[in-house]
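Novice: Output the structure for:
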Amino acid sequence: SGFTVLVNDMDHRDARVRELAEELEAAAGTVVNANVYMTPGGTQGFELHYDTMHVIICQIDGAKEWTLYPPVVSLPDGRRKFKPSEALAAGLPQRTLRLRPGDV
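Specialist: Below is the predicted model:
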């Protein structure tokens with residue numbers, strides 16, 4: 001187990017990140033926000049979960065292993081409580097990948 005330092009709204013704190021977020025907004029036609037997650041190497045910051053929004057991951061430093069499972073619900077939202085046992089019951093991971101600096 002470990003911990004994660006989270007910096008919300010990085011697009012409001014750094015001009016380069018704001019420029020990237022604005023370009024993504026123009027391309028996607030939707031609001032984009034950027035957060036930074038920092039977790040020490042060799043640890044897991046968050047337990048098994050799903051996100052309720054679309055996510056683009058840019059690995060800046062170090063490496064991170066991601067395990068992706070089949071969807072538990074088709075359109076998750078914040079009102080539904082996530083239960084890790086549901087994801088595990090849905091089957092084996094569909095994909096495991098390791099992101100390194102520069103990977104998106």
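
Novice: now residue 39, nearest residue through space, not along the chain?
Specialist: Excluding its sequence neighbours, the residue lying closest to residue 39 (CB to CB, 6 or more residues apart in numbering) is residue 45, at 3.7 Å. No exception for glycine: its C-beta is placed from N, CA and C like everyone else's.

Novice: after the worst-scoring helix or strand of the chain on mean pLDDT, next one along is what?
Specialist: Lowest on mean pLDDT, DSSP states H and E among the helices and strands of the chain sits helix 84-89, with a mean of 69. Once helix 84-89 ends, the next helix or strand along the chain (criterion: DSSP states H and E) is strand 95-99.

Novice: what's near enough to touch the residue nearest to residue 39?
Specialist: Residues counted as contacts of residue 45 (CB atoms under 8 Å, 6 or more residues apart in numbering) are 2-4, 37, 39.

Novice: For it, give its distance to residue 95.
Specialist: 20 Å (CB to CB, to the nearest Å).

Novice: How about residue 2?
Specialist: 23 Å.

Novice: I'd guessed residue 7 sits against residue 33; true?
Specialist: No. Residue 7 is not in contact with residue 33 according to CB atoms under 8 Å; the separation is 11.5 Å.
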